[in-house]
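[1] here are the coordinates; sequence isn't available:
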Ligand code: GDP
């Protein structure tokens with residue numbers, strides 16, 4: 001599989017406003033400025049699908065994109081902004097939590113980690129929450145071109161080691177660079193595998 005078409009569908013302020021959960025869905029999340037928009041644009045081969053921006057906290061909604069007319073990619077707001085009020089932050093956190101817990105067709109959430117840094121508490125805490133909520137995830141290390149291959153690999157290894165302290169099963173991770181298109185093939189092949197296994201959850205009985 002390659003990603004040949006990507007179409008913006010809708011931006012929703014709540015999980016209830018998202019499109020009908022009638023196909024496989026893959027969400028992307030990470031700290032603000034981690035490179036999420038760049039990664040989504042790289043995967044979909046489009047320069048402006050997700051808005052690349054240096055203004056932290058600009059994307060505050062649940063953004064759905066239909067890929068190959070077949071599955072959804074979702075751009076979630078970043079976590080860990082310093083410059084927003086407690087109240088705004090609480091609203092976003094609730095929106096993200098509700099989405100992750102309630103979205104029945106969510107196959108996995110890709111958590112983006114900047115490969116230039118050693119493991120950060122805020123990222124590990126976020127993974128802990130995903131564990132509590134029973135949400136499957138994978139890790140994508142970003143911006144591999146910004147440091148030496150050795151340093152990026154070392155930070156990725158540290159991060160996996162930190163995960164091993166808390167998790168028995170370490171999910172698959174990917175090293176990427178949006179600038180060099182590194183990791184694109186691997187992530188798309190992985191999504192393809194998951195798509196093959198995907199079974200639509202039965203609709204909850206009404207009434
Ligand atoms: P977001 O806030 O997580 O969506 O992050 P963006 O995609 O807007 O990226 C934040 C900044 O990092 C921008 O200046 C990007 O150009 C830059 N960036 C993102 N990914 C990469 C990458 O793989 N390599 C390099 N060198 N820069 C990147």
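    Happy to help now that I have it. Source: prediction; values computed, not measured.

[2] roughly how far does residue 151 sit from residue 184?
    Note on residue 151: its distance to residue 184, by CB to CB, to the nearest Å, is 21 Å. C-beta: built from backbone N, CA, C; applies to glycine.

[3] between these two, which is the more surrounded one?
    Neighbour comparison, residue 151 and residue 184: the larger count goes to residue 184, with 20 against 13 (by other CB atoms under 10 Å).

[4] can you name the residues that contact the more buried one?
    Each residue near residue 184 by CB atoms under 8 Å, 6 or more residues apart in numbering is listed here: 42, 43, 176.

[5] repeat that for 10 Å
    Contact analysis of residue 184 by CB atoms under 10 Å, 6 or more residues apart in numbering lists 2, 3, 39, 42, 43, 44, 45, 174, 176, 177, 178.

[6] for residue 25, what are phi and psi?
    Backbone geometry at residue 25, expressed as degrees, to the nearest 10, gives phi -140, psi 140.

[7] and if you look at the one 3 residues further on?
    The phi and psi torsions at residue 28 (degrees, to the nearest 10) take the values phi -120, psi 130.

[8] residues near it, how many?
    If you count neighbours by other CB under 10 Å, residue 28 ends up with 22.

[9] returning to what we had before: within reach of the ligand, which of the contacts of residue 184 are there?
    Contacts with the ligand are made by 177, 178 out of the contacts of residue 184, judged by CB under 6 Å from any ligand atom.

[10] how about the contacts of residue 184, which pair is most distant?
    The largest separation in the contacts of residue 184, counting by CB to CB, is between 2 and 177 at 18.5 Å.

[11] tell me which of those two has more neighbours.
    More crowded of residue 2 and residue 177, by other CB under 10 Å: residue 177, with 21 against 10.

[12] that one and residue 68, how far apart?
    For residue 177, the distance to residue 68 - CB to CB - is 23 Å.

[13] quick one: name the residues of this structure near the ligand.
    Contact residues (CB under 6 Å from any ligand atom) of the chain with the ligand: 30, 32-38, 52-54, 78, 142-143, 145-146, 177-179.

[14] buried subset of these?
    Neighbour counting with 16 or more other CB atoms under 10 Å marks 30, 32-38, 52, 78, 142-143, 177-178 as buried within those.

[15] can I get these in CSV with secondary structure, distance to residue 107 and pLDDT?
    Shown next, in CSV, are those (DSSP: H, G, I helix; E, B strand; the rest coil; distance: CB to CB, whole Å; pLDDT from 0 to 100):
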residue, secondary structure, distance to residue 107, pLDDT
30, strand, 18, 94
32, coil, 24, 85
33, coil, 26, 89
34, coil, 21, 94
35, coil, 22, 94
36, helix, 18, 94
37, helix, 21, 92
38, helix, 22, 95
52, coil, 25, 62
78, coil, 21, 82
142, strand, 20, 98
143, coil, 25, 98
177, strand, 24, 98
178, coil, 22, 97
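
[16] for these, give me CSV that also has distance to residue 125.
    As requested, those are exported to CSV (distance: CB to CB, whole Å):
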residue, distance to residue 125
30, 13
32, 15
33, 18
34, 15
35, 20
36, 18
37, 23
38, 24
52, 26
78, 14
142, 19
143, 21
177, 26
178, 25
